[in-house]
Structures are given as C-alpha cells and as structure tokens.
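A.B. asks: Turn this into a model:
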Amino acid sequence: MITSADNEKLKTIRKLRQKSWRTKLGLFVAEGEDLVEAGPDPEYVLRAGIDVEPELLDAVSTLGSGTRVIGVYRQSWAEPTGDVLVYLHGVEDPGNVGTIIRSAHALADATVVLGPGTADPYSPKAVRASMGSIFARPPARAKLSALPGRPLVLDSSAETDLRDASVTPPLILCLGSERGELPRVAAGAPQRVRIPVGADSLNVAMAATVALYEVANRMAADG
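C.D. replies: Numbering: from 1, shown residues only. Next comes the predicted model:
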C-alpha cells in the first residue's frame, strides 16, 4: 500500500491536473467508481484503503469531497469520420465539452471535433461531464475545412429553424460559445439555423443536445 505522498504514481496524478503535463505525457485522470469501471486498459488504478492510504488519495483528488478510486489512462484521439460530426469552436468551458461528448455519443453515436479555443476534453471536469463517453467515443482534432460533409451552423440570429434544415449525411454540426464567434469557414455556409426558444439563448451543451436529438431522429426517419 502507498503510504507516502512522494510516491511516483501520486506525483503523476498531481501533474495531470495541468494541461501541459497531460499533453506531454499523453495521459489523463478519471475519478470515481463509475468512470473507472467505464475505462478500459488503465495505466494504473489506485483504490483508497487497498492501494493507497485514503488521505493521500484525497490529497490528489480534484473533487471537493475526495474520492475512493482514481484511474490513470492514455489519451485516445479518433478520426473525424461518420454520418454526423460535432465541431466545437471556442467552447471554453470543459464541463460543456464533456457534456457535448456525452450527448453526441448517446444520441447520434457521433464524434466531437475540437476547433480553436476549445477546452481540453481530457481535463478532469470534462472527463467527469462525459460520464464515460470519453472512452467510448474519443474526440478528434481537425480543421473545419478538412472535415467531410456539409456544415450545419447553429446561430441564434439565423432565420431558418433547425426543424426545417436539410440533414442529409454526412453532416457537420457546428457550435460556438454562447458569446463567441462562430467558425469563420462555416459562418457563410448555406445552412445556418436556430433553435427557436422563449429565452434569450441556450447553453451551448443544451443546444448541442437538442440539435443532436433532432438530427438523429430525422436521419433515422429518412433512412
């Protein structure tokens, strides 16, 4: 059992709080029993009271209440292919990124593609928000101009409603931050659509979930 805070495995977990170290090592951390059970082939797993003293595991946890298990995994990156891709531009909140990865996996079995200014999907907050989908549907990295398919840009100022859009695959669902700019390459695309709502706007993760549900249902009905 690990009894020292100077243990190399604990040191690595502390380092992985920082994006620079996650990038350098190609690793990330998943905390909690559900996430660790969802993750295949860990580099190692530390369980409180079994592999490490509980207080030492709590000290390296990013959860305010501490944790009973932490797993360290190697990052995985997908190829941007499929009937539906979700392209994120300037989505800075890692919780939103993780939630969109979860929605894309659950609703359309789709891959999320990270554009400029988007948060690290392997940050602790994003991994937790993905609820295990980060393992089942890893994200991709690519320029929008290199992706196959026609962009469908969610834009609250667009005149066309999402329900009236063409959703023929392959399709690239493009989202920006709530207050940020939309992807420049896609901003002039023929399909710019809005989700009609009574409030000023939807959170980007909520908007992605609504759009993915609509797109997936329409494709299933047409197919």
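A.B. asks: Just give the number of residues close to Glu8.
C.D. replies: Residues near Glu8, counting by other Cβ atoms under 10 Å, number 8. C-beta coordinates here come from the backbone N, C-alpha and C atoms, glycine included.
A.B. asks: tell me the phi and psi of Pro94?
C.D. replies: Dihedral pair for Pro94: phi -60, psi -30, per degrees, to the nearest 10.
A.B. asks: tell me the contacts of it?
C.D. replies: Ala119, Asp120, Pro121, Ser123, Lys125, Ala126, Ala129 (Cβ atoms under 8 Å, 6 or more residues apart in numbering).
A.B. asks: Would you format the residues you listed as CSV with pLDDT and neighbour count included?
C.D. replies: Listed next are these as CSV, based on pLDDT from 0 to 100; neighbours: other Cβ atoms under 10 Å:
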residue, pLDDT, neighbour count
Ala119, 96, 20
Asp120, 98, 18
Pro121, 98, 25
Ser123, 98, 22
Lys125, 97, 16
Ala126, 98, 23
Ala129, 97, 22
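A.B. asks: List the ones among those that fall in helices.
C.D. replies: The helices, defined by DSSP state H, take in Lys125, Ala126, Ala129 from these.
A.B. asks: which element follows the least confident helix or strand in the chain by mean pLDDT toward the C-terminus?
C.D. replies: Lowest on mean pLDDT, DSSP states H and E among the helices and strands of the chain sits helix 184-187, with a mean of 52. Per DSSP states H and E, the first helix or strand lying C-terminal to helix 184-187 is strand 192-194.
A.B. asks: Which residues does that next one contact?
C.D. replies: Outside of strand 192-194, the residues within contact range by Cβ under 8 Å, 6+ apart are 152-162, 164-165.
A.B. asks: from those residues, which is closest to Leu10?
C.D. replies: Leu154 (42.3 Å; Cβ to Cβ).
A.B. asks: now the strands: where do they sit in this protein?
C.D. replies: 27-31, 44-47, 69-74, 84-89, 111-114, 140-141, 150-154, 160-161, 171-176, 192-194 (DSSP state E).
A.B. asks: helices or strands up against the longest helix along the chain?
C.D. replies: Counting residues, the longest helix found in the chain (DSSP H) is helix 204-222. Applying 3 or more Cβ pairs under 8 Å, 6 or more residues apart in numbering; DSSP states H and E, we find helix 204-222 packed against strand 84-89, helix 94-108, strand 150-154, strand 171-176.
A.B. asks: List the contacts of that helix.
C.D. replies: So helix 204-222 is contacted by 83-84, 86, 91, 93, 95-96, 99-100, 103-104, 107-108, 110, 152, 154, 162-163, 167-169, 171, 173, 175-178, 195, 201-202 (Cβ under 8 Å, 6+ apart).
A.B. asks: if we go to 7 Å?
C.D. replies: Contact partners of helix 204-222, identified using Cβ atoms under 7 Å, 6 or more residues apart in numbering, comprise 83-84, 86, 91, 96, 99-100, 103-104, 107-108, 110, 154, 162-163, 167, 169, 171, 173, 175, 177-178, 195.
A.B. asks: Then stretch 118-134?
C.D. replies: Against stretch 118-134 from outside (Cβ under 7 Å, 6+ apart): 17, 19, 22, 28-31, 34-35, 38, 62, 75, 88-95, 97-99, 101-102, 105, 114, 139.
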